[in-house]
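Participant: No sequence on hand, only this structure:
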């Protein structure tokens, strides 16, 4: 492996000697991206001079606006902590009340989204997803991917190879994997790529701005930019297009930023505006109040919205964590999609989407099968069937699964709701759900969850968060733990609940007060029961968990500080 940090922006110098452009009272420097990490095999195919120039152009135009949007998030968090609830915006009421506008809708290859499989972009998981029979593969560079430098760049290589029919993998045991269908064929899922959220950086790429300042690149712009630059034209040739899932948005101005990026990117490589299609994850309580406005800002590029349930629950805990006991949620497993405040959220999402011609995509049930245990598999299939039956009955146009074995079960529920075989329906856009009228009070009725906080719930949260963080630190971002698929979002729920329960002096159903001392003793018990192995990262995971769940300060995301320290 080449261990020398490399800059591909040559022949431009990579030091302070970068040519300055005279303008005004101060010299301006040519913006550029510097690679500050070692290069693995074939990395130069992704980190080409032209691709880095594109990333530099994206950062030059949009990095400052990104910082403004992140500052607005901080102000909103302060406001929420001081008692100001999210609300439907008075200043955008005209957008919500105007019934005339519609979004662009499904692009080529996105008309049938009955079952979408989610997963990281390592080669084995990508091949399994492409062979799964799902209609869409959410190629996830975000919550299901640990953001190691290797995962970030080799994930891009996976996507590049897949789109050119060259993706294969041989396991350490010698087992060979390959894609069994034509990448452009009807049996291969359409790829929708999910970049990292606005709050995340890529520290192995440095952006040098016009003032000569250096900063870590935006993870969002890196993931989007590399995938779009290398694959947009090829995707169009294959009969689909550059499609994206947009995560963690907290309002319509963040959607506007993405739309501006899409316009710039399409102009940059010379493809028609509107070719990009985006599906926005509504996974924050703030975004739930701005669904119409988010669709409106992205209307020329928007295919739909997704009910990102796990991050949505995390967002509620985070937003109201210091607002008193009426905002304390019960054990994680008791926060189902049928509790009233979650029901209000999904009902509003479906009705908003269908009024605007946008697809409504359901969330992911965390249950996964176990091929070695038929009883566990049977329970998982029952749980998934019930979840997808509810979504289909509510009017969703498709849903997510995390495992190929769940696809037939999920698809059967949507086929039944759509009447497939009679009229070949691929969506439920005709169901505008005009009877739905969701109020702010219903979205904020956190106490409607009911349930209890139990000692077992405390142990589960500590164990799940600790085991997931350890997996994430090792570079594995989607982990099967106790027959549930855990990713960064579910780990965020677990550690956030511990923090909130401790800081609200919550009492368990058994009568035990959850204070810091007891929570630390639970951590010690969980740690003592771990199955340690050579090369594990549990010692680091304990430090991360302690810092994000048991310290007075609440980090907004557990991944931010851990990435800065360990990657």
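Facilitator: That came through fine. Every value quoted in this text rests on a predicted model; they were computed, and no experiment measured them.
Participant: Run through the strands of the stretch 1-150 of the chain in chain order.
Facilitator: For the stretch 1-150 of the chain, strands defined by DSSP state E, counting those that start in this stretch occupy the ranges 20-23, 26-29, 32-35, 115-120, 136-140.
Participant: Quick check: buried residues in the longest helix anywhere in the chain?
Facilitator: Determined from DSSP state H, the single longest helix within the chain is helix 49-81. Under the neighbour-count criterion of 16 or more other CB atoms under 10 Å, helix 49-81 has 51-60, 62-63, 66, 69, 73, 76-77, 80 buried. Where you see a C-beta, it was placed from the backbone N, CA and C, and this is true even at glycine.
Participant: any idea how far the residue nearest the centre of the chain lies from residue 283?
Facilitator: Nearest to the geometric centre of the chain sits residue 247, at 4.5 Å (CA atoms, centre = their mean). Computed as CB to CB, to the nearest Å, the residue 247 to residue 283 distance reads 7 Å.
Participant: now residue 31
Facilitator: Computed as CB to CB, the residue 31 to residue 283 distance reads 32 Å.
Participant: How about residue 183?
Facilitator: Going from residue 183 to residue 283 by CB to CB gives 29 Å.
Participant: and if you look at residue 355?
Facilitator: 21 Å.
Participant: More neighbours: which of those two?
Facilitator: Higher neighbour count among residue 355 and residue 283: residue 283, with 25 against 19, using other CB atoms under 10 Å.
Participant: residues touching the more buried one, list them.
Facilitator: 247-248, 306, 308-312, 315, 489 (CB atoms under 8 Å, 6 or more residues apart in numbering).
Participant: Now, those that are in helices?
Facilitator: Short answer: those in helices (DSSP H) are 309-312, 315, 489.
Participant: What is the neighbour count of residue 514?
Facilitator: Neighbour tally, residue 514, other CB under 10 Å: 23.
Participant: could you pull out the strands for the stretch 451-567 of the chain?
Facilitator: Using DSSP E, counting those that start in this stretch, strands in the stretch 451-567 of the chain cover 479-481, 484-486.
Participant: shouldn't residue 80 be in contact with residue 86?
Facilitator: Yes - using CB atoms under 8 Å, residue 80 is in contact with residue 86, at 7.2 Å.
Participant: Between those two, which contacts overlap?
Facilitator: residue 319.
Participant: In this structure, where's the longest strand?
Facilitator: strand 201-208 (DSSP state E).
Participant: following it, which helix or strand shows up next?
Facilitator: Beyond strand 201-208 in the direction of the C-terminus, DSSP states H and E gives the next helix or strand as strand 214-218.
Participant: Next, the buried residues of that following strand.
Facilitator: 216-218.
Participant: Need those in TSV (columns: pLDDT and distance to residue 548).
Facilitator: Formatted as TSV, these follow (pLDDT from 0 to 100; distance: CB to CB, whole Å):
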residue	pLDDT	distance to residue 548
216	98	20
217	98	24
218	98	22
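Participant: Could you dump the residues you listed into CSV with distance to residue 350 added?
Facilitator: As requested, the buried residues of strand 214-218 are exported to CSV (distance: CB to CB, whole Å):
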residue, distance to residue 350
216, 38
217, 36
218, 32
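Participant: Between those, which sits nearest residue 360?
Facilitator: residue 218 (28.7 Å; CB to CB).
Participant: hmm, back to that, what angle do the longest strand of the chain and strand 214-218 make?
Facilitator: 130 degrees (axes from the mean of the first three to the mean of the last three CA atoms, to 10 degrees).
Participant: which other helices and strands contact strand 201-208?
Facilitator: Judged by 3 or more CB pairs under 8 Å, 6 or more residues apart in numbering; DSSP states H and E, the packing partners of strand 201-208 are strand 32-35, helix 49-81, helix 149-163, strand 214-218, helix 219-237, helix 558-566.
Participant: elements contacting the last one?
Facilitator: This means helix 558-566. Counting by 3+ CB pairs under 8 Å, 6+ apart, helix 558-566 packs on strand 201-208, helix 455-473, helix 488-503, helix 538-549.
Participant: What is the distance between the shortest one and the centre of its chain?
Facilitator: Here the centre of mass of C-alpha atoms in strand 201-208, compared against the chain's by CA atoms, centre = their mean, to the nearest Å, lies 20 Å away.
Participant: Residues touching it, excluding its own?
Facilitator: 18, 29, 31-37, 55-56, 59, 63, 147, 149, 152, 196, 214-219, 222-223, 563-564, 567.
Participant: Average pLDDT for it, rounded please.
Facilitator: Averaging pLDDT along strand 201-208 yields 98.
Participant: how many degrees apart are it and helix 558-566 in direction?
Facilitator: 60 degrees.
Participant: Buried residues, strand 201-208. List them.
Facilitator: In terms of neighbour count (16+ other CB under 10 Å), strand 201-208 has its buried residues at 201-208.
Participant: what angle do it and helix 49-81 make?
Facilitator: Using the same axes, to 10 degrees: strand 201-208 against helix 49-81 is 120 degrees.
Participant: what do you get for the last one?
Facilitator: For helix 538-549 and helix 49-81, the angle between their directions (the same axes, to 10 degrees) works out to 50 degrees.
Participant: Give the other helices and strands that helix 538-549 contacts.
Facilitator: With 3+ CB pairs under 8 Å, 6+ apart as the test, helix 538-549 has helix 455-473, helix 488-503, helix 516-528, helix 558-566 packed against it.
Participant: can you pull the contacts of residue 383?
Facilitator: Residue 383 neighbours (CB under 8 Å, 6+ apart): 365, 367.
Participant: Number of residues surrounding residue 282?
Facilitator: Residues lying near residue 282 (other CB under 10 Å) number 29.
Participant: Distance check, the residue lying closest to residue 548 once chain neighbours are set aside against residue 361.
Facilitator: Residue nearest to residue 548 in three dimensions, not counting chain neighbours: residue 558, with 4.3 Å by CB to CB, 6 or more residues apart in numbering. Between residue 558 and residue 361 the distance is 26 Å, computed by CB to CB.
Participant: Looking only at neighbour counts, state which of the two leads.
Facilitator: Comparing residue 558 with residue 361 by neighbour count (other CB under 10 Å), the higher total belongs to residue 361, at 28 against 23.
Participant: would you say that one is within a strand?
Facilitator: Yes - per DSSP: H, G, I helix; E, B strand; the rest coil, residue 361 lies within a strand segment.
Participant: so what's it bridging to?
Facilitator: Here residue 361 sits in beta bridges with residue 306, residue 398, going by DSSP bridges.
Participant: Skipping adjacent residues, who's closest to residue 417 in space?
Facilitator: Nearest to residue 417 is residue 392, by CB to CB, 6+ apart, at 3.6 Å.
Participant: which residues touch that neighbour?
Facilitator: 399, 413-414, 416-418, 428.
Participant: Contacts only, for the closest residue in space to residue 200 that isn't next to it in sequence.
Facilitator: Sequence neighbours aside, residue 219 is the residue nearest to residue 200 in space, at 3.8 Å (criterion: CB to CB, 6+ apart). Neighbour list for residue 219: 147, 195-197, 200-202 [criterion: CB under 8 Å, 6+ apart].
Participant: again, only this time at 6 Å
Facilitator: 196, 200-202 (CB atoms under 6 Å, 6 or more residues apart in numbering).
Participant: right, and the pair among these with maximum separation?
Facilitator: Across the contacts of residue 219, the longest distance by CB to CB is 8.6 Å; it joins 196 and 201.
Participant: Checking residue 193 next. Helix, strand or coil?
Facilitator: Looking at residue 193 with three-state DSSP, the answer is strand.
Participant: any idea how far it is from residue 66?
Facilitator: If you go by CB to CB, the gap between residue 193 and residue 66 works out to 19 Å.
Participant: roughly how far is stretch 363-377 from the heart of the chain?
Facilitator: Counting by CA atoms, centre = their mean, stretch 363-377 comes out at 22 Å from the chain centroid.
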